[in-house]
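[1] show me the folded form of this:
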Amino acid sequence: MASMTLPVTFYCAVPSSNPRGLVTEDWELDLARTAFVELHGWNVGCPGGPPVPEEYWVDVGSPQNHELAWRVIEDHAAPALEAARKAGMTVAHVQPDSIARLYKELQPPMPEAPPVEPSWGWAPVSSHASDRAQRVHGQGFMNWTGWKDLDIAVPLKPIDGEVMLVTTDQFDAWLRSKGIDTLVYIGFCTNLCILDSPASMKPMAGRGYRCILLREATLAVEFPETIEQRVCTQVALRYIESWVGYTASTADFAAATASVR
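    Purely as a prediction, here's the structure:
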C-alpha cells in the first residue's frame, strides 16, 4: 500500500497557564485514503484572467494582494499540485457552481437532498447585510463584468481523472465512496473560503475528516497595513491549527510525495 510520511502541525493549548504551543508530529499517510484538494484558486489578476477592478473589492482584494496570490500559485500551490499528481494521490477541485459548470464531465452525482421543511415565508428583517456588503466591496460589485470570465487559474486547472466538487454533501458522499478520510488543502483565501465555503476545512472537519492546509500554498485577504507581514494569513493559520485541523509546509509535502513507497 503506497504511503508517505508528512510532518503536520497543530496547537496544543494545555496546560492552560503555560501551553505546549505548536506541536509537529509525523503522520504516515495512506495514499489510498488521502486526497489533495485545490479550493478556489481563481484566475482574477492572473495571466489570461480578468484584471483586478479598481472600483470593486473582489476575490483576494487589492491589486497588491492579487500579485502576491499569483506568486503563491506559481511558487507553492502549482508545484504542490504537481507533486501530488506525480505521487499518484487522488486530486479534487472544489469550486462554486459557476466554475464547476465549465467542468461538468468531472463532477460526480449530487446526492439526493433530504426533505426541507417550509420556511413559512422567512425573509431578512432588513437590507442591512446587503447594504453593508455594497459599502465594503463597492456599489454593484456583484454585477462586475469580470465574474463571467471567472475560472481556475491556469496552473491549477484540473486534468483528466480528477474530480470537481461544489457542495459539502457531494464531496462527503464521493469521499466515503472512495474510502478517503484525510484531505490536504491548498487555495484561497485562508481567512474566508478555506474555512467556511462549501466542502472547505470547517464543514469537512465537522464530518470527521482530517484536514491539513499547506501553509505556503494559501493566502488570506490582507489589508494595506497587514500585507507586508501577512498578518491575516498567520492569524488564520493559527486558528486552523487551534480549532479546525492541521498545517504542513509545502517543502515537507514535496519531500513526502517524492519518497512515496
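
[2] please enumerate the helices of the chain.
    63-72, 78-86, 97-100, 128-137, 168-178, 193-196, 201-206, 231-239, 250-258 (DSSP state H).

[3] hmm, Pro51 is touching Trp144, no?
    No - at 10.9 Å, Pro51 does not count as touching Trp144 under the criterion of C-beta atoms under 8 Å. Using the backbone N, CA and C atoms, a C-beta is placed for each residue, glycine as well.

[4] of the two, who's got more company?
    More neighbours surround Trp144 than the other of Pro51 and Trp144, with 17 against 12 (other C-beta atoms under 10 Å).

[5] for Trp147, see how far away the closest residue to the more buried one other than its chain neighbours is.
    The shortest distance from Trp144 to any non-neighbouring residue, by C-beta to C-beta, 6 or more residues apart in numbering, is to Tyr56 (5.1 Å). Using C-beta to C-beta, to the nearest Å, one obtains 10 Å as the distance from Tyr56 to Trp147.

[6] still on that earlier bit, if I read this right, the residue nearest to Trp144 contacts Gln134, doesn't it?
    No - with contact defined as C-beta under 8 Å, Tyr56 does not count as touching Gln134 (10.1 Å).

[7] so where is this protein shaky, pLDDT-wise?
    Along the chain, the parts satisfying pLDDT under 70 run over 114-121.

[8] residues contacting Met110?
    166-167, 169-170 (C-beta atoms under 8 Å, 6 or more residues apart in numbering).

[9] from the residues you listed, which two are the most distant?
    By the measure C-beta to C-beta, the contacts of Met110 have their two most distant members at Val166 and Asp169, which lie 9.5 Å apart.

[10] ok, what's across the strand from Val58?
    Beta-bridge pairing for Val58 (DSSP bridges): Gly61.

[11] so how far is Trp147 from it?
    Taken as C-beta to C-beta, the span from Val58 to Trp147 is 8 Å.

[12] could you do Ala78 as well?
    24 Å.

[13] compare the two (neighbour count), which wins?
    The residue with more neighbours, out of Ala78 and Trp147, is Ala78; 20 against 14, by other C-beta under 10 Å.

[14] ok, that one touching Pro155?
    Yes - counting by C-beta under 8 Å, Ala78 touches Pro155, with 3.7 Å between them.
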